[in-house]
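Undergrad: Pasting a predicted model and its sequence here:
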Amino acid sequence: MSFKKILVPLDGSELAEAALASALAFAEALSADVVLLRVVVPLAIKLDPDLYQRVIENGKKEAEAYLNSIQSRSLSSSVRIKSEIMVGKAAKSIVDYAQENEIDLIVISSHGRSGISRWVYGSIADKVLYHATCAMAVIHPQLETIPFTHKRILVPLDGSLLAERALKPAVKLAQAVSAELVLLRVTFMPLVPPGPVPGWPGTEVVMNEDEQEAKAYLLRVQDSLPEAPIELHVHVSHGSVADGIIDMADGLQVDLIVMSSHGRSGISRWVFGSETEKTLRGAHCTALVIR
């Protein structure tokens, strides 16, 4: 997987601009180009065609002035940055631009003009996450660290080949910035029988067996990775998957989580309600979702 073209959708708000620092960090690490995209959204009400056209033209001029002001901030001396303007519905325009221009990665803020009272659900970020076909990084305005600050990348795995799709780009990123790679498997708490059951070995025994199996799996994954000059560790934790990922990321001062959009639940479930979506909502660092 190659990340050579990065798209950053902006809506004119400071909340949306929270994605800029992370996008530049990715671009600098991977020698990628950055495209700043502003979508001019037409009014929902019907207007006279001439008046409609004037409104759109004014919107495009405002968008151009805004994007020029962003680029004038001397964002980065080593990254090529260009600006684009589209007219249409915000989420659809972002997805369409990404597909038509071979964008490899969309870096988007989880909040925009609608403010922090709205999380991923129902927002532009959520719609783009649902429909985009490329990788996507979701940035929270309250982000505590930008990617590659601590140079520690976390890859959650659940034992499925779908979840392992995140490994290749994670290794590539780790190699690019000389980061430590952490593989994590979260095991579920076993269901405890309500009463005595013949042959039940006990909750502690079952949990220990699950932990050993999970660690053996991670070690097999580690051995299967191509030899690379990066530091690599494996961890196993118990409990809720999303909480386990978030807690591990916090405890290890991870500055980037790389995970697949699908795992054991399969492609019949997308981000909604999945462990990926829950992690995106609660993580205190950048989360990169691989299709």
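TA: Yep, that arrived. Remember, predicted model here, so these are calculated numbers, not experimental data.

Undergrad: Look up the closest residue to residue 104, ignoring the ones flanking it.
TA: Excluding the flanking residues, the one nearest residue 104 by Cβ to Cβ, 6 or more residues apart in numbering is residue 3, at 4.6 Å. Where C-beta positions appear, they are placed from N, C-alpha and C, glycine not excepted.

Undergrad: Pretty sure that neighbour sits in a strand.
TA: No: counting by DSSP: H, G, I helix; E, B strand; the rest coil, residue 3 falls outside a strand, being coil.

Undergrad: Shouldn't residue 153 be within a helix?
TA: No: secondary structure of residue 153 (three-state DSSP): strand, not part of a helix.

Undergrad: Surely it is in contact with residue 182?
TA: Yes: between residue 153 and residue 182 there is a contact at 6.8 Å, judged by Cβ atoms under 8 Å.

Undergrad: Could you name every residue contacting both of those two?
TA: Residues touching both residue 153 and residue 182 (Cβ atoms under 8 Å, 6 or more residues apart in numbering) are residue 254.

Undergrad: show me where the stretch 151-291 of the chain has strands.
TA: Secondary structure of the stretch 151-291 of the chain (DSSP state E, counting those that start in this stretch): strands located at 152-157, 180-187, 232-238, 256-260, 286-290.

Undergrad: Which one of those strands lies nearest to residue 29?
TA: With Cβ to Cβ as the criterion, residue 29 lies closest to strand 256-260 of these, at 10.1 Å.

Undergrad: Whichever strand or helix holds residue 84 - contacts with which helices or strands?
TA: Assigning secondary structure by DSSP states H and E places residue 84 in strand 81-87. On a contact count with 3 or more Cβ pairs under 8 Å, 6 or more residues apart in numbering; DSSP states H and E, strand 81-87 meets strand 33-40, helix 49-71, helix 90-100.

Undergrad: Worst mean pLDDT among those?
TA: Of all the helices and strands packed on strand 81-87, the minimum mean pLDDT falls on helix 49-71 (a mean of 90).

Undergrad: can you list contacts of it?
TA: Here helix 49-71 has contacts from 10, 12, 17, 20, 36, 38, 40-43, 47, 81, 83, 85, 87, using Cβ under 8 Å, 6+ apart.

Undergrad: and those residues, which are buried?
TA: In those, burial by neighbour count holds for 10, 17, 20, 36, 38, 40, 81, 83, 85, counting by 16 or more other Cβ atoms under 10 Å.

Undergrad: which one of those sits closest to residue 124?
TA: Nearest to residue 124 among the buried ones among the contacts of helix 49-71, with distances taken as Cβ to Cβ, is residue 10, at 11.0 Å.

Undergrad: Please name the bridge partners of the closest one.
TA: residue 38 (DSSP bridges).

Undergrad: ok, residue 250 to residue 15 distance?
TA: According to Cβ to Cβ, to the nearest Å, residue 250 stands 23 Å off from residue 15.

Undergrad: of those two, who's got more company?
TA: Neighbour totals were compared for residue 250 and residue 15, and residue 15 leads with 19 against 14 (other Cβ atoms under 10 Å).

Undergrad: what's the burial count for the nearest residue to residue 178 once chain neighbours are set aside?
TA: Once flanking residues are discounted, residue 178 sits nearest to residue 151: 6.4 Å by Cβ to Cβ, 6+ apart. Using other Cβ under 10 Å, residue 151 has 18 neighbouring residues.

Undergrad: what does residue 145 give?
TA: Neighbours of residue 145 under the rule other Cβ under 10 Å: 16.

Undergrad: Same check on the one 3 residues further on?
TA: As a burial measure, residue 148 scores 22 neighbours (other Cβ under 10 Å).

Undergrad: likewise the one 5 residues further on?
TA: Here the count is done by other Cβ under 10 Å, and residue 153 has 27 residues near it.

Undergrad: tell me the contacts of it?
TA: Residue 153 is in contact with 170, 173, 174, 179, 180, 181, 182, 254, 255, 256, 257, 258, counting by Cβ under 8 Å, 6+ apart.

Undergrad: now the residue nearest to the second one when sequence neighbours are not counted: how far from residue 83?
TA: Excluding the flanking residues, the one nearest residue 173 by Cβ to Cβ, 6+ apart is residue 153, at 6.1 Å. Using Cβ to Cβ, residue 153 is found at 30 Å from residue 83.
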